[in-house]
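>>> Sequence first, then the predicted structure, then my questions.
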Amino acid sequence: DGGITQSPKYLFRKEGQNVTLSCEQNLNHDAMYWYRQDPGQGLRLIYYSQIVNDFQKGDIAEGYSVSREKKESFPLTVTSAQKNPTAFYLCASSLGLAALSSYNEQFFGPGTRLTVL
Amino acid sequence: GIQVEQSPPDLILQEGANSTLRCNFSDSVNNLQWFHQNPWGQLINLFYIPSGTKQNGRLSATTVATERYSLLYISSSQTTDSGVYFCAVMEYGNKLVFGAGTILRVKS
């Protein structure tokens, strides 16, 4: 089955700890994204990567870090510098960057719910 | 940056009723997607529709890019249609900007 997997489904963290959320895709997509969703709100972009070994900050990158060492994987680290990390985190991917084609369509994983205790 | 507004914010329907959800955006876009978020949080792709009209079963969508709006039609609603419907438009760098969503509750 082709798709996007995220793990863990639920994650609990103590204040001051860094945690890493996993995102893997087997769709052979070039582009991957991390979004954050707070209760009752839409999604906001944290980081995105258009190609291996390259990534860009989104709107709310402070307190987060990413890496893109493999095409299939785009892990997100929530650091202790993130002041309000409790949220629902969603990973997405798309074929590529062609501006005027369906290569832009993004598909989402099932998400990770992070709670800071 | 681009602004995305969805209306109505909440909608309650009786099973079998039809509904129209609206998405307005503040600038020209290359991509517009509609999603359904189920109670477990999964975002399900409904339509990729930067312009024109598409249909998929009981759902259809129309985007009028020149007037900067998109409509999602749900006909003969079912309880399984309940959830949150998001419109998202693409800004630079493939960044999707989401609206706040429409919460739909379908009662049996």
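That came through fine.
>>> switch to C-alpha atoms for all contacts and neighbour counts from now on
Noted.
>>> who's in contact with the closest residue to B:Phe25 other than its chain neighbours?
Leaving aside its chain neighbours, B:Phe25 sits nearest to B:Val4 (4.5 Å; criterion: Cα to Cα, 6 or more residues apart in numbering or on different chains). Residues near B:Val4 by Cα atoms under 8 Å, 6 or more residues apart in numbering or on different chains: B:23-26, B:87-89, B:97-100.
>>> Please report which of those residues has the highest neighbour count.
With neighbours defined as other Cα atoms under 10 Å in any protein chain shown, the most crowded of those is B:Cys87; it has 30 neighbours.
>>> Check it and give its pLDDT.
In this model, B:Cys87 is scored at 97, pLDDT.
>>> Equivalent analysis for A:Gly96, please.
Reported pLDDT for A:Gly96: 78.
>>> Next one: A:Ile60 from chain B, what distance?
12 Å (Cα to the nearest Cα, to the nearest Å).
>>> A:Gln37 is in contact with that residue, correct?
No - between A:Ile60 and A:Gln37 there is no contact under Cα atoms under 8 Å: 11.4 Å.
>>> Please enumerate the shared neighbours of the two.
A:Arg44.
>>> So for these two, which sits in the more crowded spot?
More neighbours surround A:Gln37 than the other of A:Ile60 and A:Gln37, with 18 against 13 (other Cα under 10 Å).
>>> which residues does the closest residue to that one other than its chain neighbours contact?
Leaving aside its chain neighbours, A:Gln37 sits nearest to A:Leu43 (4.7 Å; criterion: Cα to Cα, 6+ apart). By Cα under 8 Å, 6+ apart, A:Leu43 lies in contact with A:35-37, B:97-98.
>>> Narrow those residues to those in helices?
Judged by DSSP state H, these include no members of helices.
>>> In strands only, show me these.
Using DSSP state E, the members of these that fall in strands are A:35-37, B:97-98.
>>> And those, which is closest to A:Leu95?
Comparing the ones in strands among the contacts of A:Leu43 against A:Leu95 with Cα to Cα places A:Tyr35 closest, at 17.4 Å.
>>> what's the helix or strand containing A:Phe12 packed up against?
Using DSSP states H and E, A:Phe12 sits in strand A:10-13. Using 3 or more Cα pairs under 8 Å, 6 or more residues apart in numbering or on different chains; DSSP states H and E, the elements in contact with strand A:10-13 are strand A:112-116.
>>> List the pairing partners of the strand it packs on within its sheet, with orientation.
In the sheet, strand A:112-116 lines up against strand A:10-13 (parallel), strand A:87-94 (antiparallel) (DSSP bridges).
>>> Show me which of the contacts of A:Leu43 is closest to B:Ser60.
B:Phe98 (19.4 Å).
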